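Visitor: quick one: sequence and predicted model below, then my questions.
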Amino acid sequence: MIRFATPEEFSAALANLPTPDSDAITAARARQESLTKPAQSLGRLEEIALFMAGWQGREKPRAERIFAAVFAGNHGVAAQGVSAFPREVTAQMVANFRNGGAAINALSRACGAELEIVDLALDQPTADITQAPAMDEAECLEAINAGAATVPRDADLFFVGEMGIANTTPAAALSACCFGGDAMDWVGRGSGIDDAALARKIKAVNSALAKHASYCDSPFETLRRLGGREIAAMAGAILASRMQHIPMLLDGFICCAAITPLAAAAPAITHHCLAAHCSAEGAHSRLLEHLGLDPLLHLEMRLGEGSGAAVAVQIVRSALAAHNEMATFTEASVASAL
């Protein structure tokens, strides 16, 4: 199990990211070129197959062991009136997850993913980021390591999700801090807030940036000051998956915001990631552009929980089915292109 003992170990891992297996990509590409179809006629499905081959180190990659983790945390900034729901809903939704009644439960079952629910000190909200850093060093490390611990070494594909009332506020603050712009560029309506709450949310993000941005001199420190426990856990899980060559599907705005501090320092952190979808949260498309990711789906989803990633698993499965199960021109006794 991967564990970071210090912020320095976290930074060192980010500075030494593994790369995909080029030999496996070459072999998979050669197979693609021999299949009974015109070249590139399956479009992005072919790209997905090569991506999976590189990270799994196999000419014929697989999507048999799929794992997901949903992290839940509470936020002190909820006291600023930035959400349509009270903080108690986080714990109530965790209970719903554990009882199998949420969207992510249904969608995980549908895509064949094994789902783990991790609640992170729900009775201890992070500090209000307009007033203080969200977490101290020990709390942030604990959250990062909680995320890293969920990544199974034998996973073929992994994705994460989140639950945390008010967590689009720190997500917007992280995005603005790492990629520039002011709060209005990154703040959306999240859970469906009205105009008054939107104004409070913009004010909260601007206040957080004014208080912390000048101190955010490392990915760890940015997560510690502007993030949240479930956000730091997702960052830890994404980095741990990279260290184990496990391909990732990224969910929506909050999931992508979790790696903005990592990507700002080490843009290659996204190379083992596929963007599952572009959510209806307005800033997500802008964030994907900064991360250099082209989403697989546009379904107007904005739930979180890892729901978009669960839907996109089916696309990955389809890509690998075509890559692995189609006949070659030789096998099918079909003449290839001249």
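Guide: Cool, got the structure.
Visitor: show me where the protein has its strands.
Guide: 66-72, 113-119, 157-163, 248-250, 273-275 (DSSP state E).
Visitor: check which helices and strands the last one sits against.
Guide: Which is strand 273-275. Strand 273-275 sits against strand 248-250, with contacts defined as 3 or more CB pairs under 8 Å, 6 or more residues apart in numbering; DSSP states H and E. Using the backbone N, CA and C atoms, a C-beta is placed for each residue, glycine as well.
Visitor: partners of the strand it packs on, with directions?
Guide: In the sheet, strand 248-250 lines up against strand 157-163 (parallel), strand 273-275 (parallel) (DSSP bridges).
Visitor: deepest-packed of these, please.
Guide: Sort the strands paired with strand 248-250 by mean neighbour count, taking mean count of other CB atoms under 10 Å, and strand 157-163 sits at the top with a mean of 29.
Visitor: off-centre distance for it?
Guide: 6 Å (CA atoms, centre = their mean, to the nearest Å).
Visitor: what's the separation between residue 25 and residue 43?
Guide: Relative to residue 43, residue 25 is positioned 18 Å away (CB to CB, to the nearest Å).
Visitor: which one's more surrounded, the two?
Guide: Shown here are residue 25 and residue 43; by other CB atoms under 10 Å, residue 25 has more neighbours (19 against 9).
Visitor: next, work out how far apart the nearest residue to that one once chain neighbours are set aside and residue 14 are.
Guide: Of all residues beyond its chain neighbours, the one nearest residue 25 is residue 54 (4.4 Å), with distances taken as CB to CB, 6 or more residues apart in numbering. Separation of residue 54 from residue 14 (CB to CB): 20 Å.
Visitor: kindly report the same for residue 209.
Guide: 23 Å.
Visitor: now residue 8
Guide: Counting by CB to CB, the gap from residue 8 to residue 14 is 11 Å.
Visitor: so the two - more neighbours on which side?
Guide: Using other CB under 10 Å as the criterion, residue 8 and residue 14 rank with residue 14 on top: 23 against 11.
Visitor: quick one: contacts for the nearest residue to the more buried one once chain neighbours are set aside?
Guide: Once flanking residues are discounted, residue 14 sits nearest to residue 266: 5.0 Å by CB to CB, 6+ apart. For residue 266, the contact set (CB atoms under 8 Å, 6 or more residues apart in numbering) comprises 14-15, 17, 219.
Visitor: show me what contacts residue 77?
Guide: For residue 77, the contacting residues are 126, 128-130, 166, 169-170, 204, 208, by CB under 8 Å, 6+ apart.
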